[in-house]
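1. Predicted coordinates and the sequence they were generated for:
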Amino acid sequence: MALLRPEEEAKVREWFTELERPVQLLVALGPEETPRAGSGDVDFGAEMVRVCEGLAELGDLVSCWVEQEPEGFPRFPAVSIRPDGRDAGVRYDGLPWGYELGSLVGAIVDAGRAESTLRPESLTALGQLDRDLALEVFVTPT
Amino acid sequence: MLLAFRFALASQRVSGTAIEANEFPQLSQELRVWAVPRIVVDGEPRWDGAVPEPEFLRRILA
């Protein structure tokens, strides 16, 4: 099954053309937790590789790299979205299904921007942070 | 979701992780994920639902 519908693929190609710096997708594979009932017989790791390799085919500046149990990944499968190949602390744990695929695409687009799109007030507040902050957002496929 | 990613991209002090709740039921149960998106800050469940950027900023710094 195709990753995206033709019109969606064209849009994503267009967005990826506008990337200002390379974005690497580091896919981490390893032992997986048993998902909730209803997830079917999905091979989550294989699907994650298919999704990320499929997205990398849509933009010259997007690349995909797969590793087995790399350091810094508490859950598998996962993908680290890396601007210029740098670990910026942006990660998606689990397979981005359905509309969540849009979140991964959005993360790639944001990682590929040279300048943040956050409001100046947010950037000022972040610049004054004197501690680390771990943000986790739980999502489900819809 | 994208706000968390944007905050992480903008600061080396911030990390942003999306977690697919159905694939990690044990963690989801520990963090009492009954609705999504559920936002967890430094391991503590904080709120459910999307909020505008100024409110997101206020809440993560609270």
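-> Yep, that arrived.
2. Check the gap between residue A:49 and residue A:64 for me.
-> 8 Å (Cβ to Cβ, to the nearest Å). For the C-beta atoms, the positions are set from N, CA and C on the backbone; glycine is no exception.
3. now do residue A:91
-> Counting by Cβ to Cβ, the gap from residue A:91 to residue A:64 is 15 Å.
4. returning to that earlier point: show me whatever sits in contact with both of residue A:49 and residue A:64.
-> Contact with both residue A:49 and residue A:64 is made by residues residue A:27, according to Cβ atoms under 8 Å, 6 or more residues apart in numbering or on different chains.
5. helix, strand or coil for residue B:39?
-> Secondary structure, DSSP: H, G, I helix; E, B strand; the rest coil: residue B:39 is strand.
6. Skip the chain neighbours and tell me the closest residue to the residue of chain A at minimum distance from chain B.
-> Residue of chain A nearest chain B, by Cβ to the nearest Cβ: residue A:94 (2.7 Å). Spatial nearest neighbour of residue A:94, chain neighbours left out: residue B:20 (2.7 Å); criterion: Cβ to Cβ, 6 or more residues apart in numbering or on different chains.
7. What ranges does chain B have for its helices?
-> Per DSSP state H, chain B carries helices over the ranges B:2-10, B:25-30, B:53-61.
8. and the helix or strand where residue A:109 lies, what does it pack onto?
-> For residue A:109, the element it lies in under DSSP states H and E is helix A:100-111. Applying 3 or more Cβ pairs under 8 Å, 6 or more residues apart in numbering or on different chains; DSSP states H and E, we find helix A:100-111 packed against helix A:6-17, strand A:23-29, helix A:44-56, strand A:78-83, strand A:90-93, helix B:2-10, strand B:14-20.
9. go with 7 Å
-> In terms of contacts (3 or more Cβ pairs under 7 Å, 6 or more residues apart in numbering or on different chains; DSSP states H and E), helix A:100-111 is packed against helix A:44-56, strand A:78-83, strand A:90-93, helix B:2-10.
10. what's the offset of the second one from the middle of its chain?
-> In terms of Cα atoms, centre = their mean, to the nearest Å, the centre of strand A:78-83 is set 5 Å apart from its chain centre.
11. helices or strands up against it?
-> Against strand A:78-83 (3+ Cβ pairs under 7 Å, 6+ apart) you get strand A:23-29, strand A:90-93, helix A:100-111.
12. Could you do the first one as well?
-> Where contact means 3+ Cβ pairs under 7 Å, 6+ apart, helix A:44-56 is packed against strand A:23-29, strand A:62-68, helix A:100-111.
13. Now with 6 Å, please.
-> Packing partners of helix A:44-56 (3 or more Cβ pairs under 6 Å, 6 or more residues apart in numbering or on different chains; DSSP states H and E): strand A:23-29, strand A:62-68.
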